[in-house]
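Chemist: just the structure for this:
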Amino acid sequence: MTRLGFHCHGLDHFEKVIVSNGLKRGEFYNFVPQSLPDLRKEIQRHNLASSIHAPLIRVPWYPTPPTLSFLCDIDVEMRQLSLRMVQETMELAEDFGADYVVVHFPSPPSREVPGIGYDEMREIAWQSARSLSELSQKHGVPIHIEGFGPSPFLAPDFIVEVTSKLRGLLYCFDIGHMHIASKRDGFDLYQFAQRLAPYIGSVHMWNNRGIRDYLSFGHIPLHPCQKPEDGWMDIESILRLIVPSNPACRLILESSSLYPDALGGHDFRDGVKWVRGLIAALS
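Modeler: Numbers count the residues shown, from 1 in each chain. Have a look, this model is predicted:
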(Lines give C-alpha, C1' and ligand atoms only; values in the text may rest on other atoms or scores of the structure.)
Protein backbone atom coordinates (compact mmCIF):
# COMPACT_ATOMS: atom_id res chain seq x y z
CA MET A 1 0.00 0.00 0.00
CA THR A 2 2.03 2.96 -1.28
CA ARG A 3 -0.44 5.63 -0.14
CA LEU A 4 0.39 4.96 3.54
CA GLY A 5 3.75 6.10 4.88
CA PHE A 6 5.60 7.30 7.96
CA HIS A 7 7.27 10.63 8.72
CA CYS A 8 11.02 10.15 9.18
CA HIS A 9 13.68 12.63 10.30
CA GLY A 10 16.77 10.46 10.61
CA LEU A 11 18.37 7.26 9.41
CA ASP A 12 18.47 6.01 13.01
CA HIS A 13 14.74 5.23 12.93
CA PHE A 14 14.24 4.63 9.19
CA GLU A 15 14.20 0.88 9.74
CA LYS A 16 11.92 1.08 12.79
CA VAL A 17 9.12 3.26 11.46
CA ILE A 18 9.11 2.44 7.74
CA VAL A 19 10.77 -0.86 6.86
CA SER A 20 9.75 -2.92 9.90
CA ASN A 21 6.12 -1.91 9.38
CA GLY A 22 6.16 -3.09 5.78
CA LEU A 23 5.48 0.43 4.50
CA LYS A 24 6.49 1.49 1.01
CA ARG A 25 6.42 5.25 1.54
CA GLY A 26 8.35 7.72 3.65
CA GLU A 27 8.14 11.45 4.24
CA PHE A 28 11.55 12.90 5.04
CA TYR A 29 12.38 15.99 7.06
CA ASN A 30 15.29 17.87 8.61
CA PHE A 31 18.13 15.40 7.96
CA VAL A 32 21.74 16.30 8.61
CA PRO A 33 23.28 17.14 5.20
CA GLN A 34 25.92 14.40 5.33
CA SER A 35 23.24 11.71 5.66
CA LEU A 36 21.56 12.46 2.31
CA PRO A 37 23.64 10.00 0.23
CA ASP A 38 22.74 7.17 2.62
CA LEU A 39 19.09 8.27 2.66
CA ARG A 40 19.00 8.12 -1.12
CA LYS A 41 20.52 4.63 -1.08
CA GLU A 42 17.99 3.38 1.49
CA ILE A 43 15.06 4.79 -0.49
CA GLN A 44 16.31 3.02 -3.61
CA ARG A 45 17.18 -0.20 -1.79
CA HIS A 46 13.69 -0.53 -0.35
CA ASN A 47 11.98 0.83 -3.48
CA LEU A 48 10.11 3.48 -1.52
CA ALA A 49 7.85 6.23 -2.72
CA SER A 50 8.88 9.45 -1.03
CA SER A 51 7.80 12.94 -0.14
CA ILE A 52 9.57 15.75 1.70
CA HIS A 53 8.50 17.99 4.54
CA ALA A 54 10.39 21.29 4.20
CA PRO A 55 13.20 21.54 5.01
CA LEU A 56 14.80 18.28 3.90
CA ILE A 57 18.15 19.22 5.43
CA ARG A 58 18.93 21.25 8.52
CA VAL A 59 19.76 24.83 7.65
CA PRO A 60 21.83 26.73 10.24
CA TRP A 61 20.58 30.14 9.11
CA TYR A 62 16.87 29.39 9.68
CA PRO A 63 15.09 29.90 13.05
CA THR A 64 14.27 26.93 15.28
CA PRO A 65 12.09 24.97 14.89
CA PRO A 66 12.52 24.82 11.11
CA THR A 67 8.78 24.24 10.65
CA LEU A 68 8.24 27.92 11.52
CA SER A 69 6.81 29.75 8.53
CA PHE A 70 6.82 33.46 7.84
CA LEU A 71 4.96 33.31 4.53
CA CYS A 72 2.16 35.51 5.88
CA ASP A 73 4.44 37.87 7.78
CA ILE A 74 4.21 41.58 7.03
CA ASP A 75 8.03 41.69 7.19
CA VAL A 76 9.29 41.20 3.63
CA GLU A 77 12.68 39.90 4.78
CA MET A 78 11.06 37.21 6.90
CA ARG A 79 8.88 36.09 4.00
CA GLN A 80 11.95 35.94 1.79
CA LEU A 81 13.70 33.83 4.42
CA SER A 82 10.90 31.25 4.28
CA LEU A 83 10.88 31.26 0.49
CA ARG A 84 14.65 30.74 0.42
CA MET A 85 14.25 27.66 2.63
CA VAL A 86 11.45 26.32 0.41
CA GLN A 87 13.47 27.04 -2.74
CA GLU A 88 16.43 25.00 -1.48
CA THR A 89 14.08 22.19 -0.46
CA MET A 90 12.43 22.19 -3.89
CA GLU A 91 15.80 21.85 -5.62
CA LEU A 92 16.57 18.78 -3.51
CA ALA A 93 13.05 17.40 -4.03
CA GLU A 94 13.43 17.60 -7.80
CA ASP A 95 16.76 15.80 -7.58
CA PHE A 96 15.26 13.15 -5.26
CA GLY A 97 12.25 12.58 -7.47
CA ALA A 98 9.93 13.31 -4.55
CA ASP A 99 6.19 13.01 -5.13
CA TYR A 100 5.53 16.33 -3.39
CA VAL A 101 6.81 18.76 -0.75
CA VAL A 102 4.88 19.82 2.36
CA VAL A 103 5.27 23.50 3.28
CA HIS A 104 3.81 25.14 6.40
CA PHE A 105 1.40 27.86 5.28
CA PRO A 106 -0.26 30.01 6.43
CA SER A 107 1.09 31.09 9.78
CA PRO A 108 0.21 34.17 11.80
CA PRO A 109 2.39 37.28 11.60
CA SER A 110 5.47 37.19 13.78
CA ARG A 111 4.54 40.57 15.24
CA GLU A 112 1.49 42.76 15.52
CA VAL A 113 1.51 45.94 13.42
CA PRO A 114 -1.07 48.66 14.00
CA GLY A 115 -3.07 49.57 10.93
CA ILE A 116 -2.51 46.29 9.08
CA GLY A 117 -5.94 44.91 8.24
CA TYR A 118 -7.31 41.67 6.83
CA ASP A 119 -7.24 42.80 3.18
CA GLU A 120 -3.55 43.66 3.29
CA MET A 121 -2.70 40.43 5.10
CA ARG A 122 -4.73 38.48 2.55
CA GLU A 123 -2.80 40.05 -0.31
CA ILE A 124 0.48 39.06 1.39
CA ALA A 125 -0.85 35.50 1.77
CA TRP A 126 -1.81 35.39 -1.91
CA GLN A 127 1.60 36.70 -2.98
CA SER A 128 3.27 33.92 -1.01
CA ALA A 129 0.89 31.32 -2.43
CA ARG A 130 1.71 32.53 -5.94
CA SER A 131 5.42 32.22 -5.16
CA LEU A 132 4.90 28.62 -4.00
CA SER A 133 2.95 27.87 -7.18
CA GLU A 134 5.79 29.26 -9.29
CA LEU A 135 8.33 27.13 -7.41
CA SER A 136 6.17 24.04 -7.93
CA GLN A 137 5.97 24.63 -11.66
CA LYS A 138 9.66 25.48 -11.97
CA HIS A 139 10.77 22.24 -10.31
CA GLY A 140 7.94 19.99 -11.46
CA VAL A 141 7.06 18.98 -7.89
CA PRO A 142 3.65 19.65 -6.28
CA ILE A 143 3.53 21.58 -3.02
CA HIS A 144 1.08 20.66 -0.26
CA ILE A 145 0.36 23.66 1.96
CA GLU A 146 -0.17 22.77 5.60
CA GLY A 147 -2.10 25.16 7.82
CA PHE A 148 -0.72 25.59 11.32
CA GLY A 149 -1.38 28.07 14.09
CA PRO A 150 -4.20 30.60 14.56
CA SER A 151 -4.79 32.42 11.29
CA PRO A 152 -7.69 33.94 9.36
CA PHE A 153 -6.44 31.97 6.35
CA LEU A 154 -6.78 28.59 8.04
CA ALA A 155 -10.29 28.43 6.62
CA PRO A 156 -11.98 26.34 3.89
CA ASP A 157 -12.85 29.28 1.60
CA PHE A 158 -9.27 30.54 1.43
CA ILE A 159 -7.77 27.05 1.10
CA VAL A 160 -10.20 26.04 -1.67
CA GLU A 161 -9.58 29.28 -3.56
CA VAL A 162 -5.80 28.94 -3.42
CA THR A 163 -5.65 25.25 -4.34
CA SER A 164 -8.21 25.55 -7.14
CA LYS A 165 -6.78 28.68 -8.78
CA LEU A 166 -3.02 28.20 -8.41
CA ARG A 167 -1.27 25.38 -10.25
CA GLY A 168 0.80 22.85 -8.34
CA LEU A 169 -0.79 23.46 -4.92
CA LEU A 170 -2.86 21.06 -2.81
CA TYR A 171 -3.70 20.98 0.88
CA CYS A 172 -1.94 18.93 3.55
CA PHE A 173 -4.56 18.18 6.22
CA ASP A 174 -2.83 17.73 9.59
CA ILE A 175 -5.61 16.13 11.60
CA GLY A 176 -3.84 16.50 14.96
CA HIS A 177 -3.31 20.24 14.66
CA MET A 178 -6.76 20.77 13.16
CA HIS A 179 -8.36 18.88 16.04
CA ILE A 180 -6.72 21.38 18.40
CA ALA A 181 -7.78 24.27 16.14
CA SER A 182 -11.38 23.08 16.06
CA LYS A 183 -11.53 23.11 19.85
CA ARG A 184 -9.85 26.52 20.01
CA ASP A 185 -11.88 28.19 17.25
CA GLY A 186 -15.18 26.33 17.62
CA PHE A 187 -15.65 24.79 14.19
CA ASP A 188 -16.70 21.27 13.19
CA LEU A 189 -13.59 19.29 12.27
CA TYR A 190 -15.51 16.70 10.28
CA GLN A 191 -17.37 19.28 8.19
CA PHE A 192 -13.99 20.92 7.57
CA ALA A 193 -12.57 17.60 6.31
CA GLN A 194 -15.60 16.92 4.11
CA ARG A 195 -15.46 20.37 2.48
CA LEU A 196 -11.74 20.13 1.74
CA ALA A 197 -11.59 16.43 0.76
CA PRO A 198 -11.27 17.06 -3.03
CA TYR A 199 -8.42 19.53 -2.46
CA ILE A 200 -6.36 17.40 -0.07
CA GLY A 201 -3.12 15.98 -1.41
CA SER A 202 -1.88 14.43 1.82
CA VAL A 203 -2.95 13.85 5.42
CA HIS A 204 -0.69 13.99 8.48
CA MET A 205 -2.01 11.55 11.06
CA TRP A 206 -1.50 11.66 14.83
CA ASN A 207 -3.92 12.10 17.70
CA ASN A 208 -4.68 14.06 20.84
CA ARG A 209 -7.54 15.01 23.15
CA GLY A 210 -6.68 18.70 22.97
CA ILE A 211 -3.90 21.21 23.47
CA ARG A 212 -2.83 19.77 26.85
CA ASP A 213 -1.97 16.43 25.23
CA TYR A 214 0.04 18.21 22.55
CA LEU A 215 1.98 20.31 25.05
CA SER A 216 2.65 17.26 27.24
CA PHE A 217 3.32 14.54 24.66
CA GLY A 218 3.70 16.11 21.20
CA HIS A 219 2.46 14.00 18.30
CA ILE A 220 0.85 10.90 19.84
CA PRO A 221 0.85 7.77 17.63
CA LEU A 222 -2.52 6.51 16.45
CA HIS A 223 -3.87 3.48 18.29
CA PRO A 224 -7.20 1.61 18.32
CA CYS A 225 -7.56 2.31 22.06
CA GLN A 226 -8.21 6.00 21.28
CA LYS A 227 -11.99 6.24 21.63
CA PRO A 228 -13.86 9.38 20.50
CA GLU A 229 -16.03 9.25 23.61
CA ASP A 230 -12.84 9.80 25.64
CA GLY A 231 -12.02 12.98 23.72
CA TRP A 232 -9.79 11.51 21.02
CA MET A 233 -10.30 12.39 17.39
CA ASP A 234 -12.46 9.90 15.49
CA ILE A 235 -9.85 8.60 13.05
CA GLU A 236 -12.20 6.22 11.25
CA SER A 237 -14.71 9.02 10.56
CA ILE A 238 -11.98 11.33 9.25
CA LEU A 239 -10.66 8.66 6.90
CA ARG A 240 -14.19 7.81 5.78
CA LEU A 241 -14.70 11.43 4.71
CA ILE A 242 -11.47 11.60 2.71
CA VAL A 243 -10.27 8.23 1.44
CA PRO A 244 -13.20 6.98 -0.70
CA SER A 245 -13.53 10.25 -2.63
CA ASN A 246 -9.83 10.98 -2.97
CA PRO A 247 -7.86 7.88 -4.05
CA ALA A 248 -4.75 9.94 -4.87
CA CYS A 249 -4.44 11.31 -1.33
CA ARG A 250 -1.33 10.18 0.58
CA LEU A 251 -1.61 9.29 4.28
CA ILE A 252 1.41 9.93 6.48
CA LEU A 253 1.76 8.80 10.08
CA GLU A 254 3.43 11.83 11.62
CA SER A 255 4.33 10.80 15.14
CA SER A 256 7.02 9.37 17.34
CA SER A 257 7.43 5.61 17.55
CA LEU A 258 7.12 5.89 21.34
CA TYR A 259 3.64 5.87 22.85
CA PRO A 260 3.63 7.90 26.08
CA ASP A 261 3.85 5.72 29.19
CA ALA A 262 1.40 8.06 30.93
CA LEU A 263 -1.20 7.11 28.32
CA GLY A 264 -0.62 3.36 28.41
CA GLY A 265 2.71 2.86 26.63
CA HIS A 266 1.08 0.98 23.74
CA ASP A 267 3.02 -0.44 20.79
CA PHE A 268 2.83 2.07 17.94
CA ARG A 269 2.99 -0.81 15.46
CA ASP A 270 -0.50 -1.87 16.55
CA GLY A 271 -1.67 1.55 15.42
CA VAL A 272 -0.02 1.14 12.02
CA LYS A 273 -1.81 -2.18 11.52
CA TRP A 274 -5.11 -0.64 12.62
CA VAL A 275 -4.84 2.30 10.20
CA ARG A 276 -3.76 0.03 7.37
CA GLY A 277 -6.92 -2.03 7.92
CA LEU A 278 -9.13 1.07 8.00
CA ILE A 279 -7.68 2.35 4.75
CA ALA A 280 -7.98 -1.02 3.02
CA ALA A 281 -11.65 -1.25 3.99
CA LEU A 282 -12.36 2.22 2.57
CA SER A 283 -10.30 2.00 -0.63
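Chemist: please make it C-alpha for all contacts and neighbour counts, starting now.
Modeler: OK.
Chemist: show me where this structure has its strands.
Modeler: If DSSP state E is used as the criterion, the strands of the chain fall at 4-8, 25-28, 49-53, 101-104, 143-146, 169-174, 200-205, 250-253.
Chemist: among these, which is nearest Ile242?
Modeler: strand 200-205 (8.2 Å; C-alpha to C-alpha).
Chemist: list the neighbouring strands of that closest one plus their orientation.
Modeler: strand 169-174 (parallel), strand 250-253 (parallel) (DSSP bridges).
Chemist: quick one: terminal-to-terminal distance for stretch 21-39?
Modeler: Chord length of stretch 21-39, first to last residue, is 18 Å (C-alpha to C-alpha, to the nearest Å).
Chemist: typed the wrong thing, it's stretch 262-276
Modeler: First-to-last residue span, stretch 262-276, C-alpha to C-alpha: 25 Å.
Chemist: please shift the residue numbers so they start at 49 in all later answers.
Modeler: Sure, I'll start numbering at 49, so the last one becomes stretch 310-324.
Chemist: ok, Cys56 - contacts?
Modeler: By C-alpha atoms under 8 Å, 6 or more residues apart in numbering, the contact set of Cys56 is Phe62, Val65, Gly74, Glu75, Phe76, Tyr77.
Chemist: do that again at 10 Å, thanks
Modeler: Neighbouring residues of Cys56 by C-alpha atoms under 10 Å, 6 or more residues apart in numbering: 62-66, 74-79, 100-101, 300-304.
Chemist: buried subset of these as a PyMOL selection?
Modeler: The PyMOL selection below is limited to those of the contacts of Cys56 classed as buried (16 or more other C-alpha atoms under 10 Å):
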select buried, resi 62+65+66+74+75+76+77+78+79+100+101+300+301+302+303+304
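Chemist: so, low pLDDT: which residues of this structure?
Modeler: For the chain, applying pLDDT under 70 flags the ranges 49, 156-161.
Chemist: swap in 90 and give it another go.
Modeler: 49-50, 60-61, 120-123, 153-169, 195-203, 293, 331 (pLDDT under 90).
Chemist: thinking again about what came up before, now render the strands of the chain as TSV, adding distance to His271.
Modeler: What follows is these, written out as TSV (distance: least, C-alpha to C-alpha, whole Å):
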stretch	distance to His271
strand 52-56	15
strand 73-76	20
strand 97-101	24
strand 149-152	24
strand 191-194	23
strand 217-222	17
strand 248-253	11
strand 298-301	11
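Chemist: is the nearest residue in space to Asp222 that is not next to it in sequence in a bridge, and if so with what?
Modeler: The spatially closest residue to Asp222, leaving aside those adjacent along the chain, is His252, at 4.5 Å (C-alpha to C-alpha, 6 or more residues apart in numbering). Beta-bridge partners for His252, by DSSP bridges, are Asp222, Ile300.
Chemist: measure His252 to Ser305 for me?
Modeler: From His252 to Ser305 the distance is 15 Å (C-alpha to C-alpha).
Chemist: same deal with Val208?
Modeler: Distance from Val208 to Ser305, by C-alpha to C-alpha: 33 Å.
Chemist: residues in contact with the closest residue to Ile286 other than its chain neighbours?
Modeler: Distances taken as C-alpha to C-alpha, 6+ apart place Tyr238 nearest to Ile286, at 6.5 Å, with adjacent residues excluded. By C-alpha under 10 Å, 6+ apart, Tyr238 lies in contact with His227, Ser230, Leu244, Met281, Asp282, Ser285, Ile286, Leu287, Leu289, Ile290.
Chemist: ditto for Gly70
Modeler: Taking C-alpha under 10 Å, 6+ apart as the test, what Gly70 contacts is Met49, Gly53, Glu63, Lys64, Val320, Lys321.
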